[in-house]
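**Student:** just the structure for this:
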Amino acid sequence: MITRLKLLHRLIFLRLIKMKWVGFDFDGTLADKSIEPVPRIVQKLHYYLQHGILCKVVTARADKTRPDYIQKITEVYKFLFDNGFPPIEVTNSKDHEMVALYDDRAISVKSNLGHILVDDSWVMKELEDGVTRLPWSNLHRTLS
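**Tutor:** Alright, predicted model coming up:
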């Protein structure tokens, strides 16, 4: 049987070597507003881990400059533990080894071509409510 300590040692080892990995956003993807699991995504993360795929949680909660960093990161680790996950790296950054990111805010774009692969018309609608326009936004309209 693999103990949590052995899993932690494996996690440290994996950080030392370059490996492809899959990222999962936390808020709105793995967990809902009440920090309850989103079943389909939790199942997907379990699936990858059961197949030996390196996975990481990618979240703004892991930003060490946040004044509430300790509280927010603790909530993520508690969620992972409570939902039966082994130790998983929690980060706020991605790198070139990341293959995919499951995220509720991402818009998928075809690599190197710029083709938007999903309907992104909702973005401007979402921004209309309470958006603060940059002072130079009109300049862009006059130049285009």
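**Student:** only C-alpha atoms from now on, for both contacts and neighbour counts.
**Tutor:** Fine.
**Student:** what's near enough to touch Leu54?
**Tutor:** By C-alpha atoms under 8 Å, 6 or more residues apart in numbering, the contact set of Leu54 is 19-22, 48.
**Student:** and what of Gly28?
**Tutor:** 103-104.
**Student:** rerun at 10 Å
**Tutor:** 34-38, 103-105 (C-alpha atoms under 10 Å, 6 or more residues apart in numbering).
**Student:** buried stuff in the helix or strand hosting Glu75?
**Tutor:** Glu75 belongs to helix 69-82 when assigned by DSSP states H and E. Judged by neighbour count using 16 or more other C-alpha atoms under 10 Å, the buried positions of helix 69-82 are 72-73, 76-77, 79-80.
**Student:** which of these lies at the shortest distance from Glu126?
**Tutor:** Lys72 (25.6 Å; C-alpha to C-alpha).
**Student:** was I right about the closest one contacting Val90?
**Tutor:** No: the criterion here is C-alpha atoms under 10 Å, and Lys72 misses it with Val90 at 11.2 Å.
**Student:** find residues that contact each of the two.
**Tutor:** Jointly contacting Lys72 and Val90 under the rule C-alpha under 10 Å, 6+ apart are 59-62.
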